[in-house]
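Engineer: quick one, fold the following:
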Amino acid sequence: MGGKLSADERAARLSELNGWQSVAGRDAIERSLEFADFNEAFGFMTRVAIKAQEMDHHPEWFNVYNVVRITLSSHDVNGVTQRDVELARFIDSIANRA
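Structural biologist: Now for the predicted structure:
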């Protein structure tokens with residue numbers, strides 16, 4: 001599982017990710033994605049949900065029509081861990097295909 005990333009580690013990992021940023025006032029990262037329509041957004045969320053279930057690591061997210069906003073933070077350590085980075089990389093990989 002791994003522990004909470006230090007501020008320097010988190011900054012280094014964020015620089016490797018596409019469109020992710022730190023959440024103000026919270027040890028978390030977030031990204032917003034826009035899709036062609038609701039169907040495409042929901043399909044994307046389904047793929048993320050399957051991966052999240054496999055990882056036993058579930059995102060916080062918000063969806064309105066074609067926009068999905070995702071927040072990642074490991075609640076057990078109240079901060080960003082390597083698992084969040086791994087899920088963010090997966091999200092990036094499928095978002096690039098959408």
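Engineer: in this structure, where is pLDDT below threshold?
Structural biologist: Counting by pLDDT under 70, the chain shows low-confidence ranges at 1-2, 98.
Engineer: distance check, the residue lying closest to residue 13 once chain neighbours are set aside against residue 25.
Structural biologist: Once flanking residues are discounted, residue 13 sits nearest to residue 85: 4.7 Å by CB to CB, 6 or more residues apart in numbering. No exception for glycine: its C-beta is placed from N, CA and C like everyone else's. For residue 85, the distance to residue 25 (CB to CB, to the nearest Å) stands at 20 Å.
Engineer: looking at those two, which has the bigger crowd around it?
Structural biologist: residue 85 (22 against 6; other CB atoms under 10 Å).
Engineer: now the helix or strand that that one is a member of, how far from the chain's geometric center?
Structural biologist: Using DSSP states H and E, residue 85 falls within helix 82-95. With CA atoms, centre = their mean, to the nearest Å as the basis, helix 82-95 stands 6 Å off its chain's centre.
Engineer: got a list of contacts for it?
Structural biologist: 1-2, 5, 13, 16-20, 28-29, 31, 33, 44, 47-48, 51-52, 55, 57, 59, 70, 72-74 (CB atoms under 8 Å, 6 or more residues apart in numbering).
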